[in-house]
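1. let me see the structure of the following:
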Amino acid sequence: GVIWLGKISYDTYVLSKQLTGIQETLHQSEQKNAMLNDQLVAVQRRLVQPSTQPVDPSKITSAAAFETTSFNPSVLLKQELRLIQFALDQHQYVYALEQLNHFDLKIEQYTLAETLKQSLHQAVQQDRKIIQNYVQTRQAKIAQLDAILQQLDMSLKAEQNNTALSINHSSKAYFWQKWLKVDQVAEQTPALMNRKMILKELQIRVLLAQQALSNGEFLAYQNILSLMLAELDSLPDQFSQKLKLKIQGLKQTPMQPIPKLSSAAILES
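-> Numbering: from 1, shown residues only. Got it, this is the predicted structure:
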């Protein structure tokens with residue numbers, strides 16, 4: 001029992017460290033996102049606003065030639081779309097939609113072919129709808145998975161005090177089958193004590209899975225489910241096996257991939 005409690009504490013500590021590391025990575029990405037945005041705004045100001053500093057007349061010709069050859073509106077628009085795609089990849093959907101709206105307005109500020117402008121406006125409108133639909137679908141899926149996890153949590157709480165166990169009959173021999181009976185067990189056998197601690201550990205993992213899911217950390221969420229399935233392999237009773245089937249169903253539930261901006265594809269062509 002002491003060993004199992006130590007294992008539970010250690011596993012919880014390791015998972016907490018992993019989740020903390022993922023959250024720190026996300027925070028660093030958000031900082032990088034903000035830095036890229038600041039740089040982009042600075043570049044736009046330099047390109048759009050006229051310089052207020054005195055200019056050496058002898059350098060006017062060369063400077064004008066440099067700006068004519070170096071400034072390409074398509075390059076700047078591509079940079080903005082990369083920033084928006086980066087925000088989508090980091091699950092910053094509100095920010096991505098705001099920047100997409102700004103991008104739609106800026107299209108008219110640059111010297112582009114009218115057909116290209118029209119194509120970009122249509123693509124932005126399509127991207128906006130795709131992102132909104134993706135967010136709605138994703139939120140509904142997460143709510144559905146979270147509801148199932150909550151049911152698992154409640155079932156685990158109720159099952160921890162159950163001593164009337166039913167074993168699934170199988171050709172595979174479990175050491176549990178020598179100790180557990182379908183009838184009510186009067187005393188806490190070592191097998192029942194171990195089972196109770198395993199269920200308690202599973203309950204902790206359910207809470208960690210909910211946290212990972214709500215933070216959009218789908219890889220961490222999948223890894224936690226895999227750990228739960230591995231722990232349930234040692235429990236042959238009907239409740240544990242039914243629980244295993246539910247977790248397998250959660251693990252096999254796909255998440256819709258993050259959409260790619262069609263407006264970016266237009267500028268790349």
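
2. where are the low-confidence patches of the stretch 51-200 of the chain?
-> Counting by pLDDT under 70, the stretch 51-200 of the chain contains low-confidence ranges at 51-71, 162-192.

3. show me the helices in the stretch 1-150 of the chain, by range?
-> With DSSP state H, counting those that start in this stretch as the definition, the stretch 1-150 of the chain shows helices at residue ranges 2-48, 60-70, 73-89, 93-106, 114-159.

4. ok, the stretch 151-269 of the chain next?
-> Defined through DSSP H, counting those that start in this stretch, the helices belonging to the stretch 151-269 of the chain, from first to last, are 190-214, 218-232, 238-252, 262-268.

5. mind putting those in JSON lines, distance to Tyr95 and mean neighbour count included?
-> Where C-beta positions appear, they are placed from N, C-alpha and C, glycine not excepted. Listed next are these as JSON lines, based on distance: least, CB to CB, whole Å; neighbours: other CB atoms under 10 Å:
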{"stretch": "helix 190-214", "distance to Tyr95": "18", "mean neighbour count": "19"}
{"stretch": "helix 218-232", "distance to Tyr95": "20", "mean neighbour count": "17"}
{"stretch": "helix 238-252", "distance to Tyr95": "29", "mean neighbour count": "15"}
{"stretch": "helix 262-268", "distance to Tyr95": "16", "mean neighbour count": "17"}
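
6. between those, which gets the lowest average pLDDT?
-> If you rank those by mean pLDDT, helix 190-214 sits at the bottom with a mean of 83.

7. that helix to helix 218-232, inter-axis angle?
-> For helix 190-214 and helix 218-232, the angle between their directions (axes from the mean of the first three to the mean of the last three CA atoms, to 10 degrees) works out to 170 degrees.

8. how many degrees apart are helix 190-214 and helix 114-159 in direction?
-> Computed by the same axes, to 10 degrees, the angle separating helix 190-214 from helix 114-159 equals 160 degrees.

9. just give the nearest non-adjacent residue to Gln210, would you?
-> Taking CB to CB, 6 or more residues apart in numbering as the measure, Gln210 lies nearest to Leu149, with 5.1 Å between them; neighbours along the chain are not counted.

10. list the contacts of that neighbour.
-> Neighbour list for Leu149: 206, 209-210, 213, 250 [criterion: CB atoms under 8 Å, 6 or more residues apart in numbering].

11. let's see that with 7 Å instead.
-> Leu149 sits next to 206, 209-210 when contact means CB atoms under 7 Å, 6 or more residues apart in numbering.

12. I'd like the helices of the stretch 151-269 of the chain as CSV, with distance to Gln122 appended.
-> Putting those into CSV (distance: least, CB to CB, whole Å) gives the following:
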stretch, distance to Gln122
helix 190-214, 35
helix 218-232, 31
helix 238-252, 37
helix 262-268, 9
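
13. for Lys106, find the nearest of those helices.
-> Among the helices of the stretch 151-269 of the chain, the nearest to Lys106 by CB to CB is helix 262-268 (12.0 Å).

14. could you list every helix and strand in contact with that closest one?
-> Secondary structure elements in contact with helix 262-268, counted by 3 or more CB pairs under 7 Å, 6 or more residues apart in numbering; DSSP states H and E, are helix 73-89, helix 114-159.

15. just the ones you listed: most buried one?
-> Counting by mean count of other CB atoms under 10 Å, helix 73-89 has the highest mean neighbour count of the helices and strands packed on helix 262-268, with a mean of 18.

16. ok, now which ones touch the closest residue to Leu112 other than its chain neighbours?
-> Once flanking residues are discounted, Leu112 sits nearest to Pro73: 5.9 Å by CB to CB, 6+ apart. With contacts taken as CB under 7 Å, 6+ apart, Pro73 has the following neighbours: 110-112.

17. go again with 10 Å.
-> Shown here is Pro73, whose contacts under the criterion CB atoms under 10 Å, 6 or more residues apart in numbering are 47, 106-107, 109-112, 116, 267.

18. swap in Glu108?
-> Glu108 neighbours (CB under 10 Å, 6+ apart): 117, 120-121.

19. let's have these in a markdown table, adding distance to Arg128.
-> Compiled in a markdown table, the contacts of Glu108 are given as follows (distance: CB to CB, whole Å):
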| residue | distance to Arg128 |
| --- | --- |
| Lys117 | 17 |
| Leu120 | 12 |
| His121 | 11 |
